[in-house]
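Peer 1: Next one to model:
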Amino acid sequence: MRDKTQTNSAEPGDRLIRAGALVFFIGAVATLVTVAPFLLGTTPFPTYMFGLSMLMGVGFVLAAAGMLRSIAAGRRQARVSR
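Peer 2: Coordinates of the predicted model:
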């Protein structure tokens, strides 16, 4: 039996996962930029840069929420198809 889902169709949690990955990447870059002055011995960045570093955690939570939403949708679909 063929799967009726097309390969390019978006599932319920896909946008959250993509947004979470993007926010995580931005947070990772901000973390590297924030830590670099300590390693290089230069003047540290302002305090708000440390806040931007927290975006790594926010991105991880967004991606995890998207994964949970995708899992829940898959379970609902499996229950209906029985």
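Peer 1: so what does the least confident helix or strand in the chain by mean pLDDT touch, helix or strand wise?
Peer 2: Every helix and strand of the chain was ranked by mean pLDDT, DSSP states H and E. The lowest is helix 47-53, at a mean of 86. Here helix 47-53 touches helix 14-40, going by 3 or more C-beta pairs under 8 Å, 6 or more residues apart in numbering; DSSP states H and E. From N, CA and C alone the C-beta is placed, and that goes for glycine too.
Peer 1: what comes up buried for the helix it packs on?
Peer 2: By 16 or more other C-beta atoms under 10 Å, the buried positions in helix 14-40 come out as 16-17, 20, 23-24, 26-27, 30-31, 34.
Peer 1: which ones are touching the residue sitting nearest the centre point of the chain?
Peer 2: Nearest residue to the geometric centre of the chain (C-alpha atoms, centre = their mean): Gly20, 2.0 Å. With contact taken as C-beta atoms under 8 Å, 6 or more residues apart in numbering, Gly20 is in contact with 59-66.
Peer 1: do you know how far it is from Leu39?
Peer 2: Gly20 is 28 Å from Leu39, where distance means C-beta to C-beta, to the nearest Å.
Peer 1: what do you get for Ala28?
Peer 2: 16 Å.
Peer 1: Give me the pLDDT for Ile26.
Peer 2: Ile26 carries a pLDDT value of 94.
Peer 1: The one 3 residues further on now?
Peer 2: The score at Val29 is 93. That number is its pLDDT.
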